[in-house]
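Colleague: the sequence and its predicted three-dimensional model are supplied below.
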Amino acid sequence: MKKVLFVCVGNASRSQMAEAFFNSISKNARASSAGTKPAERISSRAVQVMKEAGIDMSGGRPKPLTHEMIHDADIIVTMGCGVSGVCPATVATEDWGLPDTVDQPIEKYREVRDLVKRKVEKLVEDNR
């Protein structure tokens, strides 16, 4: 089973949404997420907009990115937040260039959530 790792700075919004969408959609792979400087908690707005999409992230917690996570991943996806150079060249990586949601209104969270969902659906489809 493939392992996908979603990485951003705080692991409080975008990467958490990607992990949740991926694990709810994929039957052939599993995802985790982490941050280079993890926040204290997941954004309440991210939890809210994911609940609107039918996914409960309220029990999640930001996790620090570790070398073990990097080496265990088959695919690493960064969220467009300056984490280049964190993964070895032997792992497939891509950057989604997603806008940051920190201190943004709820509408921006919904916009990013929907963008994350489309990208996750494509990633799942491409890795069947």
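Modeller: The structure has been received and is ready for your questions. Numbering: from 1, shown residues only.

Colleague: and residue 36, how close does it get to residue 79?
Modeller: Using Cβ to Cβ, to the nearest Å, we find residue 36 at a distance of 11 Å from residue 79. Every C-beta, even on glycine, is put in place using the N, C-alpha and C of the backbone.

Colleague: and the two? which has more neighbours close in?
Modeller: Higher neighbour count among residue 36 and residue 79: residue 79, with 29 against 16, using other Cβ atoms under 10 Å.

Colleague: and residue 109, that's in a helix?
Modeller: Yes: counting by DSSP: H, G, I helix; E, B strand; the rest coil, residue 109 falls inside a helix.

Colleague: contacting residues for it?
Modeller: 13, 43, 45-46, 48-49, 101 (Cβ atoms under 8 Å, 6 or more residues apart in numbering).

Colleague: quick one: buried residues of stretch 20-40?
Modeller: 20-23, 26, 29, 31-36, 38-39 (16 or more other Cβ atoms under 10 Å).

Colleague: could you dump the residues you listed into TSV and include secondary structure and distance to residue 70?
Modeller: As requested, those are arranged in TSV below (DSSP: H, G, I helix; E, B strand; the rest coil; distance: Cβ to Cβ, whole Å):
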residue	secondary structure	distance to residue 70
20	helix	21
21	helix	21
22	helix	17
23	helix	19
26	coil	20
29	strand	17
31	strand	14
32	strand	11
33	strand	13
34	strand	9
35	strand	13
36	coil	11
38	coil	15
39	coil	20
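
Colleague: how about JSON lines for those, with distance to residue 109 and pLDDT added?
Modeller: Shown next, in JSON lines, are the buried residues of stretch 20-40 (distance: Cβ to Cβ, whole Å; pLDDT from 0 to 100):
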{"residue": "20", "distance to residue 109": "13", "pLDDT": "98"}
{"residue": "21", "distance to residue 109": "14", "pLDDT": "98"}
{"residue": "22", "distance to residue 109": "18", "pLDDT": "98"}
{"residue": "23", "distance to residue 109": "19", "pLDDT": "97"}
{"residue": "26", "distance to residue 109": "23", "pLDDT": "96"}
{"residue": "29", "distance to residue 109": "25", "pLDDT": "93"}
{"residue": "31", "distance to residue 109": "20", "pLDDT": "97"}
{"residue": "32", "distance to residue 109": "21", "pLDDT": "97"}
{"residue": "33", "distance to residue 109": "16", "pLDDT": "97"}
{"residue": "34", "distance to residue 109": "20", "pLDDT": "95"}
{"residue": "35", "distance to residue 109": "17", "pLDDT": "92"}
{"residue": "36", "distance to residue 109": "21", "pLDDT": "89"}
{"residue": "38", "distance to residue 109": "19", "pLDDT": "94"}
{"residue": "39", "distance to residue 109": "15", "pLDDT": "96"}
